Each structure stands twice: as structure tokens, then as C-alpha cells.
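*Asks:* sequence and predicted structure below; questions after.
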Amino acid sequence: MSTNIKPAAGTEVRQPASRATHSAPSFWASVWLVSTREIMSRLRSKAFLISTGILLLIAVGSVVAGGVMSANPSTTKVAVVGTASAAVGESSGLTAVPAVDLAAAEELVRDGTVEAAIVPDDSLIGVGVIALDSPPSAVMNALSISPAVELLDPAEQGGFLVYIVALGFGLVFFMSALTFGSTIAQSVVEEKQTRVVEILMSTIPVRALLAGKVLGNSIMALGQILAIALLVGIGMAVTGQRVLLADLGPAIAWFAVFFAFGFVMIAALFAATASMVSRQEDVGTTTAPVTYLVMIPYFAVIFFNENPLVMAIMSYVPFSAPVGMPVRVFLGTAEWWEPLVSLVILALTTAAVILFGSRIYRNSLLKMGGRVSYKQALRG
Amino acid sequence: MLEIRDINKHYGAHQVLTDVSFTVGDGRMTGFVGANGAGKTTSMRIILGVLSPDSGSVLLDGVPLTAGDRRRFGYMPEERGLYPKMKVAEQLVYLARLHGLSTAAAKRNTGDLLERLGLGERANDFVEALSLGNQQRAQIAAALVHDPEFLVLDEPFSGLDPIAVEVVLTVLKEHAAAGAPVLFSSHQLDLVERLCDDLVIIAAGEIRANGSRERLREQFSTPRFEIHTDADAGWIRGVDGITVIDFDGGEAVFDADSDAASQSVLREALTRGAVHSFGHLRPTLSAIFKEVVQ
């Protein structure tokens, strides 16, 4: 050779390693390396830490607020004149403010000190109510005499509580799936946009790369869910809502199990759709269908949590089951085997989605420039 | 020995590679030369298993290359890039571990390599905070951090400052000297010519020429000679069987119909004065390249 290159000053000649020195790590070792990197880069992100902190604060705050509200049932102030105080004394929801006469009671109603005035009159129940601009339902309910009611099939939970619990599951699922789903989408496009993906593809199987990203983000998402569940549980125990905790516990446990599978499915979809574009700016557009999939159960559970048919369907459709089934477990409308059947359906769907997603992912990773069409991505 | 055998690849209706075959011998520096879009990058991606060919195979010592074998390759893709928000050293350790090194070995190699590339003080900086030149060095480190036994480098010199070019050259030569097959593509034909033992020239997805540098020069050489004498060389025009191509004072370049004709020029020149040089002109790589790709 006619070259005259010498090693740069201060460098020593290093021999390549002999062929026996390192063996390829196993598939799962590669997956674990990738997922560890995902987790570490998430834990170092200030935005992630702050948003997680806020989410946990909201969870704790709502439990504490619920505890305080149930501990101090609100009472309505009413002005009472003369013998009317006897009627008020028997009802629990009212606080009597004595007034000397009718005119003084009317004055208290007008200036807002009390919601209504209760005055003696000649009617059947012996008192009348004076209010400002509309009939005061709380006062009227407190004074009413209700007939005895016998429930043949009592609902286990009250309507409002059901709504709150359904909303809670829906919101946590929606927030976590969307947060970690878009994180995985951004991470996929980052690797594509910065072109580091080609080095990764030449080093480990594409399936290991995808599995590592899904696993890493699933661990983070599940960790967040468990932290919320734990805080809610502790919060309820501390604020004396043990009865509610006993009802809610199994539902929360099922939610965590369903979420583990459901999120893996959603993460695979986010990764696959994100791999079809080359720039962060396009992530929103390409992942939009997956985002809708995540939003539908959230809105459905808000609007239809009292509709048994819709809830039953939701609890079996894979992408809404993580919300639908725990709500039905809470309501007590699910047989013991129903969560298991739904979980099997979800797990099978998740497996199918992973196969479908990894095909898109593999075929799209090296295609730079415009958006890769589904046809191209699936055909390869 | 790395052998690429009968590779075909198409994208849609576009045939990118047609029956591509060549070998990269142990200890041979092999230059891969072609115009943009000729199929170099696609070939290299197929060797690394990043793309699958429609047909054909890549063999290592006669056996189809496995994913495990490929982890012993050092690959520098044409499309450069590392994680921008990861520290340089951390990133190299990560890549080394993906290639199967233990954490300790990965850290040791990273430290050595960064020192060697002059990036020691930048080890804990984010990649995005590095200058472009230093990012290129980090990229080289990424291809070498796992002590690869085979090197496949796509345009390793583009964008490098002269010092970094020398470092990369040194590393490539070391690997070749230790018996590793080294394949690299480049647009800088003079560099390839200076460096390579073997050449592969590709155009429009087909291998147009391949073999050792000397053999190719032989193959594409014409009976063209150059002479450098003291006396005016104008008389050469009159010699039978000689066509003068270029002439300036005592120097001349001419084509000879036969060996006898060229030898008669030399004999004649010696009778007229001192001859400083006389020789068969071998074509340069860029001349061969122009000829084959046409």
C-alpha cells in the first residue's frame, strides 16, 4: 500500500477482540436494556416528574375532600318563629335560628342569613315555609314525612358515588394511557428523526426494540397506577372511609390487572403508528386514531355509567374493558367469572395487536420523509 | 471472509440492486464506490440485516450471517445520529451493552475510546451540546465501542475534520492489519485509492467492477506511457506506431501500438540524452470509475 499514515500521537494500537470475548445478549436481555433506558430517560425528565406529582396530589386531594365532606354533612340554616322550632328540632338537616316574629324572620330570609323561615300556621302539619325566590327543596325534604319504602333488589352503591368511581377509573385510564402512550410515540419518532434507529436495528432485533419500549413505558404507567391506588387506599383508611375502601378495593385491583394488559396493547399501537412518520410535528396526526380509542371509554363511562347494557358491552370490548369491567365489579353487576373472560379476550387482542404493530413498526422505521401509508407499512 | 452473493432488492417498481455479488476478504480494506443512488447504502443495510434482500445471501466464512454474528460488526450508517438528550459516555456504554459487552467492559472501552478521539472532557455532556465535529467523533466511537471484528462504514469520512479523518484511518488500518474485513464507501476517490486493497464499483444497482486495486488498474490500463528526458521530446511524434497525447519540452505522454514501439522510443531517447523516467501509465481510480459507470 502506498499510504504513509501513522497513528495519531499518543494513541496506541488496539487489537480487535478475539471472536470469543463477547456473545450476543439474549432477546430478553436486549429488551431489558432498552426498557431500562426508557425508564431512566423518563425519570430524568422534569416534565414527567412534575406531571406525576400533580396527578398523585389530585388523587390524594379528592380522597381527603371526600372524607371531609362525609364527616361534616352540610346543614341548612332556617329562621324559626315561636312553636315552629319544635318541627325543626325533629329534622336533622336543619339548624334553627330563632326569630322574634314574622317580620324579623322575613328580614333574615331577605338578607341571606338563612335559606328559609319556618313559621307556625293553621295547616295540617302546623308550619309554613317562607323563602326568597324559589321553593327551598332541602328545607321541604327535611320537613316532609316520607312513607316507608321496601327495596326488593337494593342497588349496592348510590348513583352519585357510582358516577364518581366510574369517572375516576375513566380519568386515570385516559390520563395514564395518553401520557405514556404519547411518550412512547415521541420516543419512537425521536429515534427515527435522529437516525439512531439504524444503529439500533443493526444491533438488536426490531422486535426486541419494540418490546423494550413497550415494556419500559408499561412499567412506568403501571407504577403510576399502583402509586395512585396505594395513595387512594391509604387516604381512605386514614380518613375513616373503610366501608368504601372495602367496596372499592376489588375494583381497583381488577383495574390494575386490566390496565397492565390494556396499556401494553395501546402502547404497541402508539409505537406502530408513530413509526410511520419522521418528525415530532407529525406525531399528533398519525397517532390520532389511537388517541380516540383511548378517549371513547372515558366519555362512554361518563355518559352511560347508569346504563347496564352499555356498561356490559364496554366491559368486554378490549380497549374499554380496563374501565368498564372494574366499574361493573364495583357495582356488583359482574359475575365472578366475567372479569376473567374479559381478561382473556383482552390478552388475546393484545397479542394480535402486538403482531400487527410490530409489522408496521419494522416496515416503517427506515422510511424517512413523508408519512408511510398503512398499505406500505403492512406489506413491507 | 464476508461474501455478498446474488443480492436483489427492489422498492416498488424500482429495482435497486441487481445480482450484487462481491467479497470482503479478511484483512482487506475494501472500498465501495458509486454515485449517489447507486445502491451502496442499500447494500450495506442488507449486510447489516437492517434490510432484507428479495433474494440472495450474505455469508461469513461460507455460512449465512446470523443476528449474533452481526453484533460483532461495527456499523456506521450514512444517516448519522445518536440520542441528543443522552450523555456521550452513557450512550456509548448503552450501545456497547446492546452489543453484548458487560457493563465493566463497556465502561472501559468507552473511556479509552473517548480519550483517544479527544472527547474525554466531553464524556458527561449531552450529545446535542457537542459541536458538529465532536458529534461526528462520538458517532465513530459508537461504531467502535464494542470492539467490532468487522467494519462496515458508510461514508465514514464525510463531515470529518482532518484530524478526525486521520484517527479514523488509523483505526480502519489497525482493524484490517489485525485480519478484520473492512468495507467502507466514500465519494473521496483519492482517499479510497490511497487506502484500499480492494475495490468494488457499483452503478445503477449493478457491480461494474471489483477486485484488487492493482488488478483493476491492470485491467483498465491502456498502452499509454510517459517519458521524462533532458532533451526536447518533439521527435517522438515521428516514431512509427506512436501517438503522442501530450507533449511539453522534455516530457511526453504517448500511446504505443505495441511493446516494441514503446521500447524503441526508450532506446531512441537514451541516445539523445538522459532519461529521468519512463513508465507505463496506470489509470487513476477516478479514470477507471468514469469508464465503468458510463
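*Replies:* Yep, that arrived.
*Asks:* for chain B, what are the nearby residues on the stretch 51-200 of chain A?
*Replies:* Residues of the stretch 51-200 of chain A lying near chain B by Cβ under 8 Å from any Cβ of the partner chain: A:190, A:191, A:194, A:195, A:196, A:197, A:198, A:199, A:200. (Glycine included, C-beta is placed from N, CA and C.)
*Asks:* got those as JSON lines, with secondary structure and distance to residue B:167 columns?
*Replies:* JSON lines is the format used below for those (DSSP: H, G, I helix; E, B strand; the rest coil; distance: Cβ to Cβ, whole Å):
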{"residue": "A:190", "secondary structure": "helix", "distance to residue B:167": "29"}
{"residue": "A:191", "secondary structure": "helix", "distance to residue B:167": "27"}
{"residue": "A:194", "secondary structure": "coil", "distance to residue B:167": "23"}
{"residue": "A:195", "secondary structure": "coil", "distance to residue B:167": "22"}
{"residue": "A:196", "secondary structure": "helix", "distance to residue B:167": "22"}
{"residue": "A:197", "secondary structure": "helix", "distance to residue B:167": "26"}
{"residue": "A:198", "secondary structure": "helix", "distance to residue B:167": "22"}
{"residue": "A:199", "secondary structure": "helix", "distance to residue B:167": "19"}
{"residue": "A:200", "secondary structure": "helix", "distance to residue B:167": "25"}
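*Asks:* chain B: which of the residues you listed is nearest?
*Replies:* Distance to chain B, by Cβ to the nearest Cβ, is smallest for residue A:195 among those, at 3.1 Å.
*Asks:* filter the residues of the stretch 51-200 of chain A next to chain B down to the buried ones.
*Replies:* By neighbour count, with 16 or more other Cβ atoms under 10 Å in any protein chain shown, those hold A:190, A:191, A:194, A:195, A:196, A:197, A:198, A:199, A:200 as buried.
*Asks:* mind putting those residues into a markdown table with pLDDT and distance to residue B:29?
*Replies:* Below are those laid out as a markdown table (pLDDT from 0 to 100; distance: Cβ to Cβ, whole Å):
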| residue | pLDDT | distance to residue B:29 |
| --- | --- | --- |
| A:190 | 91 | 35 |
| A:191 | 91 | 31 |
| A:194 | 87 | 30 |
| A:195 | 86 | 26 |
| A:196 | 91 | 27 |
| A:197 | 91 | 28 |
| A:198 | 90 | 23 |
| A:199 | 91 | 22 |
| A:200 | 92 | 27 |
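*Asks:* what about the residue lying closest to residue A:276 once chain neighbours are set aside, neighbour count?
*Replies:* Distance criterion Cβ to Cβ, 6 or more residues apart in numbering or on different chains; nearest residue to residue A:276, sequence neighbours excluded, is residue A:372 at 4.3 Å. Residues near residue A:372, counting by other Cβ atoms under 10 Å in any protein chain shown, number 21.
*Asks:* so who does residue A:372 touch?
*Replies:* The contact partners of residue A:372, taken as Cβ atoms under 8 Å, 6 or more residues apart in numbering or on different chains, are A:275, A:276, A:277, A:363, A:364.
*Asks:* by neighbour count, which of these wins?
*Replies:* residue A:275 (29 neighbours).
*Asks:* wait, it sits on residue A:359?
*Replies:* No - at 10.5 Å, residue A:275 does not count as touching residue A:359 under the criterion of Cβ atoms under 8 Å.
*Asks:* what sits in contact with each of these two?
*Replies:* Common neighbours of residue A:275 and residue A:359 (Cβ under 8 Å, 6+ apart) are residue A:377.
*Asks:* may I have the phi/psi pair for whichever residue of the stretch 51-200 of chain B sits closest to chain A?
*Replies:* Here the residue of the stretch 51-200 of chain B nearest chain A is residue B:81; by Cβ to the nearest Cβ that distance is 3.1 Å. With angles defined as degrees, to the nearest 10, residue B:81 sits at phi 170, psi 140.
*Asks:* torsion angles phi and psi at residue B:50?
*Replies:* phi -70, psi -30.
*Asks:* domains in the chain, by residue range?
*Replies:* All of this refers to chain A. Domain assignment for chain A, taken from automatic domain parsing, gives A:77-143, A:158-379.
*Asks:* look at chain B instead
*Replies:* Here the domain parsing of chain B from automatic domain parsing is B:2-218, B:220-282.
*Asks:* which of those domains is buried the deepest?
*Replies:* Highest mean neighbour count of those: domain B:2-218, a mean of 19 (counted as mean count of other Cβ atoms under 10 Å in any protein chain shown).
*Asks:* what about that domain, start to end distance?
*Replies:* By Cα to Cα, to the nearest Å, the extent of domain B:2-218 from end to end equals 25 Å.
*Asks:* sorry, back to before: going by mean pLDDT, which of the domains of chain B comes out lowest?
*Replies:* Note on those: domain B:220-282 shows the lowest mean pLDDT, a mean of 86.
*Asks:* which stretches of chain B form helices?
*Replies:* Counting by DSSP state H, chain B has helices at residues B:40-47, B:67-70, B:88-98, B:103-116, B:132-144, B:162-177, B:189-195, B:213-219, B:259-272, B:285-293.
*Asks:* rewinding a little: same list, the domains of chain A, but as CSV with distance to residue B:120 please.
*Replies:* Formatted as CSV, the domains of chain A follow (distance: least, Cβ to Cβ, whole Å):
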stretch, distance to residue B:120
domain A:77-143, 75
domain A:158-379, 22
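*Asks:* closest to residue B:267 out of the ones you listed?
*Replies:* Taking Cβ to Cβ, domain A:158-379 is the member of the domains of chain A nearest to residue B:267, at 59.4 Å.
*Asks:* what distance separates stretch B:247-265 from the centre of its chain?
*Replies:* 33 Å (Cα atoms, centre = their mean, to the nearest Å).
*Asks:* residues contacting the nearest residue to residue B:254 once chain neighbours are set aside?
*Replies:* The spatially closest residue to residue B:254, leaving aside those adjacent along the chain, is residue B:244, at 4.7 Å (Cβ to Cβ, 6+ apart). Counting by Cβ under 8 Å, 6+ apart, residue B:244 touches B:236, B:237, B:252, B:253, B:254.
*Asks:* now for these: which two are most distant?
*Replies:* Across these (Cβ to Cβ), the longest gap, 12.3 Å, separates B:237 and B:253.
*Asks:* so which residues on the stretch 151-294 of chain B come close to chain A?
*Replies:* Within the stretch 151-294 of chain B, the positions near chain A by Cβ under 8 Å from any Cβ are B:163, B:166-167, B:169-170, B:173-175, B:178, B:180, B:194-195, B:197.
*Asks:* again, only this time at 6 Å
*Replies:* Residues of the stretch 151-294 of chain B lying close to chain A (Cβ under 6 Å from any Cβ of the partner chain) are B:166, B:167, B:169, B:170, B:174, B:175, B:178, B:180, B:194.
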